[in-house]
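>>> Structure of the sequence below:
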Amino acid sequence: MSDGLVKNSPFLDSLSNVEEEALMLSVISGLGRELGHRRMLFCLVWLFCGCEGVAEWAKRGAPSQPKAESSRFEEARSEPQAEDGGAPSPSQASEGERIFPPSWMKHPVPFYEKGRIQRYVEADQARQEGYLLIDLGESWTPYLFSERSTGDEKARPNAYRSIFLALAREEWPADHHGDRAREDKYLEPYGIMPTLSVLRERGRRLRSLDCVKTLDLKPLQNFQGSVAYEDKDGAKRFLQKLHSLEERMKEIMAAQGVESPESIVLEALEERDRKAVLEYGRLKSAHEAILATQRRLECEGHFEGKGSYLPGAMDWATHKALVEFERKHRIYGWGVIARETLEMLRKPPLEGEREALIRVLTERAMHAAQVIEDGSVQATYIDSSGVERPVPNLEAQLRAIVIDAFGLDTPEGAQAFLENLGELRPDEERLAAIRMPPLP
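Predicted coordinates for the structure are as follows:
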């Protein structure tokens, strides 16, 4: 066993490197759906590091990633200075004007608020001054896959780190790791969040598609039921039944002298025909929701490699494409048009990309703040003064801070933030400061 992160774990001491890696992968994929990313990683830290390792993690916080050879903030120091020879102060900077770090700062980090850099803060003093430092860089990983605890500590190679980063960048390795990842395509449900450069390219691609601008989401917004895949003949049976009911609706409409099924007077019908009208309305609504879903899935490329589909019916190709859609948006579903999946389908595609960026940045902020309180547990605690207080939802608080800090209120603001990051080098740490919420 490597002496990197492993402490006091007798179980793992007996494993070979290959067995250790296999165990890590199986735990990630198995626990990701049930426990959620943060609790899953906490369990993995306990498993691989032992109790002392968890205590040490909580005490010293999430580690810094390896420093890049050069920093964009160091490059910024060579930019034009203010008239007095120093960097412009926040009061000197107007909206749209770039702010430069003061020359006296050893490790300047930009502080974001209201969608722009407001000033620079000293990295070493950030936490004491109420700031939270999060890494926007391409080399970010959860603590479990880090190689050092502080910037000046000697790196200890982590066997899975390079694999994790490759998967996060959607660079599928030419081995068993890449084979499964290439098939699944979107890995958020397994705890592997996409990098910011990946999210930026996704946003660019969607904006280049004409079909995104013409999607009709009203059938999905009006749909109140659920649609699931049944079996290989279920889609055909659905369409046959819908066609049969349509013919019956024509007969009823002719008899009543009305022009649409919605105008049929139910009270004037026998019980059998009343049930047929109601059943037709239910199937027709589902049919239109499936059509809208298929058009969206096809527009975004989710049918690629899945064969042809039967328009307006939940066949196997549509089910598989919907499962891929769910993975992209970190929805723990079963390829069913219902609940969280339906809620996401109702949103414009670019809004889905904004949500993905917020998820990724909030996840990184949670790791940086060393907290797991996400509102999933309704409980209380006793504070230092002896007062009983509810456990806060720190994830919701950090999410709100992230949105405000980076200007992510709209899809346009989210893409602008990503574009303004400029070049994102694979080995670069890119720190940014935001407000730190009060901790319990």
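>>> Rank the helices and strands of the protein by mean pLDDT and give me the bottom one.
When each helix and strand of the chain is scored by mean pLDDT, DSSP states H and E, helix 72-76 comes last, with a mean of 38.
>>> Following element in sequence after that one, please.
Next helix or strand after helix 72-76 toward the C-terminus (DSSP states H and E): strand 108-113.
>>> what comes up buried for stretch 254-264?
By neighbour count, with 16 or more other C-beta atoms under 10 Å as the criterion, the buried positions of stretch 254-264 are 261, 264. Bear in mind the C-beta positions are built from the backbone N, C-alpha and C, glycine included.
>>> Repeat that for stretch 97-105.
99, 100, 101, 105.
>>> And stretch 212-220, by the same measure?
So stretch 212-220, judged by 16+ other C-beta under 10 Å, has buried residues 212, 215, 217, 219, 220.
>>> who's in contact with the closest residue to residue 351 other than its chain neighbours?
Spatially, and ignoring its direct neighbours in sequence, residue 351 is nearest to residue 411 (5.7 Å; C-beta to C-beta, 6 or more residues apart in numbering). Counting by C-beta atoms under 8 Å, 6 or more residues apart in numbering, residue 411 touches 203, 348, 350, 351, 353, 354.
>>> Among those, list the two that are farthest apart in space.
By the measure C-beta to C-beta, 203 and 348 form the most distant pair in these, at 12.4 Å.
>>> Comparing these two, which residue is more hemmed in?
residue 203 (22 against 15; other C-beta atoms under 10 Å).
>>> how much space is there between that one and residue 223?
Distance of residue 203 to residue 223, computed by C-beta to C-beta, to the nearest Å: 27 Å.
>>> which strands and helices sit next to the longest helix anywhere in the chain?
Longest helix in the chain by number of residues (criterion: DSSP state H): helix 271-299. Contact here means 3 or more C-beta pairs under 8 Å, 6 or more residues apart in numbering; DSSP states H and E; on that basis helix 271-299 packs against helix 210-214, helix 218-222, helix 234-256, helix 316-328, helix 339-346.
>>> Residues contacting the second one, please?
By that I understand helix 218-222. So helix 218-222 is in contact with 285, 288, 289, 291, 292, 293, 337, 342, 345, 346, going by C-beta under 8 Å, 6+ apart.
>>> Give me the buried entries from these.
By neighbour count, with 16+ other C-beta under 10 Å, the contacts of helix 218-222 hold 285, 288, 289, 291, 292, 293, 337, 342, 345, 346 as buried.
>>> In this structure the fourth one contacts residue 312, no?
Yes - under the contact definition of C-beta atoms under 8 Å, residue 291 touches residue 312, with a separation of 4.9 Å.
>>> so where is the chain shaky, pLDDT-wise?
1-96, 150-151 (pLDDT under 70).
>>> which of the buried residues of stretch 97-105 lies closest to residue 240?
residue 99 (65.8 Å).
>>> farthest residue from the center of the protein?
Centroid-distance maximum for the chain: residue 255 at 53.6 Å, with C-alpha atoms, centre = their mean.
>>> measure residue 152 to residue 107 for me?
12 Å.
>>> higher neighbour count, those two?
Counting neighbours by other C-beta under 10 Å for residue 152 and for residue 107 shows that residue 107 has the greater number, 18 against 8.
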